[in-house]
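Engineer: Can you look at this prediction? I've put the sequence above it.
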Amino acid sequence: MENTQAVDNIQTKYSCCGSSGFSDWTGSPWHLQHPGMAVPDSCCKTVSPGCGVRDHPSNIAYTGCIHRFSTSLSQHLFMVGSISLCLALLQVLGVILTSCMFSRLHKMDKYRQVHNARNTSNGANY
């Protein structure tokens, strides 16, 4: 019963029927238990009790759920990939900026030591 509800929810949410198409239900264990029905009611475009008796295109979704899933999954993967790429670019930018900052600080320290050494030596000559 739990599997049936899960499949019904998927078919209703994605407006699809079966895995590859509505004909997947023909000869399935579900069809053997419901011989008067062509497809489950969740395949209907407008879900109502007993609407799965007719398998006419005006009545049911002909597209299989695998096609709807692949489209949805592709969109989500594209979004995750784009966000990951943006985060990676931000990290690279952070590394570059940090390297520039440390390089500049290192140069400032080097010149400060030379400047301090000159001031000390100049003060000793007086």
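Structural biologist: Alright, I've got the coordinates.
Engineer: alpha carbons only for contacts and neighbour counts from here, please
Structural biologist: Will do.
Engineer: for this structure, which helix is longest?
Structural biologist: helix 65-125 (DSSP state H).
Engineer: Could you pull up the contacting residues of residue 92?
Structural biologist: By C-alpha atoms under 8 Å, 6 or more residues apart in numbering, the contact set of residue 92 is empty.
Engineer: Check the spacing between residue 45 and residue 15 real quick.
Structural biologist: 7 Å (C-alpha to C-alpha, to the nearest Å).
Engineer: Overlap of the contact sets of those two?
Structural biologist: residue 61.
Engineer: ok, now how distant is the residue at minimal distance from the centre of the chain from residue 64?
Structural biologist: The centre of the chain sits closest to residue 76, judged by C-alpha atoms, centre = their mean, with a distance of 2.6 Å. For residue 76, the distance to residue 64 equals 19 Å [C-alpha to C-alpha].
Engineer: Flag the shaky bits of this structure, pLDDT-wise.
Structural biologist: 1, 111, 113-115, 117, 119, 121-126 (pLDDT under 70).
Engineer: Return stretch 90-108 as PDB; C-alpha atoms alone will do.
Structural biologist: C-alpha atoms of stretch 90-108 as PDB (Å, rounded to 0.1, in the frame of the first residue of the first chain):
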ATOM      1  CA  LEU A  90      35.500  32.800  -5.100                       C
ATOM      2  CA  GLN A  91      38.000  30.600  -3.300                       C
ATOM      3  CA  VAL A  92      40.500  31.000  -6.100                       C
ATOM      4  CA  LEU A  93      40.000  34.800  -6.000                       C
ATOM      5  CA  GLY A  94      40.500  34.600  -2.200                       C
ATOM      6  CA  VAL A  95      43.800  32.700  -2.600                       C
ATOM      7  CA  ILE A  96      45.000  35.300  -5.200                       C
ATOM      8  CA  LEU A  97      44.100  38.300  -3.000                       C
ATOM      9  CA  THR A  98      45.700  36.600   0.000                       C
ATOM     10  CA  SER A  99      48.900  35.900  -1.900                       C
ATOM     11  CA  CYS A 100      49.100  39.500  -3.100                       C
ATOM     12  CA  MET A 101      48.500  40.800   0.400                       C
ATOM     13  CA  PHE A 102      51.300  38.600   1.900                       C
ATOM     14  CA  SER A 103      53.700  39.600  -0.900                       C
ATOM     15  CA  ARG A 104      53.100  43.300  -0.200                       C
ATOM     16  CA  LEU A 105      53.400  42.800   3.500                       C
ATOM     17  CA  HIS A 106      56.700  40.900   3.000                       C
ATOM     18  CA  LYS A 107      58.100  43.700   0.800                       C
ATOM     19  CA  MET A 108      57.100  46.300   3.400                       C
END
